[in-house]
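**Student:** Take this sequence and fold it.
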Amino acid sequence: MTNTLRFPAADPAAAAAFFAAELAFEADPDDVVRDLEAGDTEGFQLVETRSAEAFARAHIPGALNLPHWDMDETTTAGWDRDLVYVCYCESFECNAATKGALKLSTLGFKVKRLAGGITAWRASGYPVDGTGVDGTGVDGTAVGGTGAGGTALQGISCDC
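**Tutor:** Numbers count the residues shown, from 1 in each chain. You can find the predicted model right below:
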């Protein structure tokens, strides 16, 4: 038996339910950028869940910044509860988006997480705003280095 098939594939109906549920929790950068380019952002809002400093260095255009550790009833009081908030952070190696999505969902908001964070966004060549959009890491150092507020992990720096 192959390693790939050591555990049998799920029944097609179970697989469809699983993958539909997975898509209910996550947004793809390609889908988000298509919406942004088309000006079709009705129904969702991007939320950068890292620090204000990281947001200033690089963020997805149109995103709000609310660090996950600051999310509470007061900081989200004016937010539209009919929107879906798409949380993102640095990368797959960072869990600030997960922490933010958890906090927002416990506050009663509908949420998704952006797959791969701003690192996947930038790797795809999608536009970013900020002071550090020159190819350096979000911590201001060359990719692969470390700097204040971040630690390098295979060229990725997390500033959460």
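**Student:** Find the least confident helix or strand in this protein, judged by mean pLDDT.
**Tutor:** Least confident helix or strand, the chain: strand 151-153 with a mean of 36, by mean pLDDT, DSSP states H and E.
**Student:** longest helix anywhere in the protein?
**Tutor:** helix 12-25 (DSSP state H).
**Student:** hmm, who's touching the helix or strand that comes right after that one?
**Tutor:** Towards the C-terminus, the helix or strand next in line after helix 12-25, according to DSSP states H and E, is strand 26-27. Residues from elsewhere that reach strand 26-27, judged by Cβ atoms under 8 Å, 6 or more residues apart in numbering: Phe44, Val86, Lys112, Arg113, Leu114, Ala115. Placement of C-beta: from N, CA and C, glycine included.
**Student:** Given strand 26-27, what are its sheet partners and their directions?
**Tutor:** Strand 26-27 has the following sheet partners, assigned by DSSP bridges: strand 110-114 (parallel).
**Student:** Mean confidence (pLDDT) on the host helix or strand of Arg34, please.
**Tutor:** Assigned by DSSP H and E, Arg34 belongs to helix 29-38. Per-residue pLDDT over helix 29-38 has a mean of 95.
**Student:** With that, I have no additional questions.
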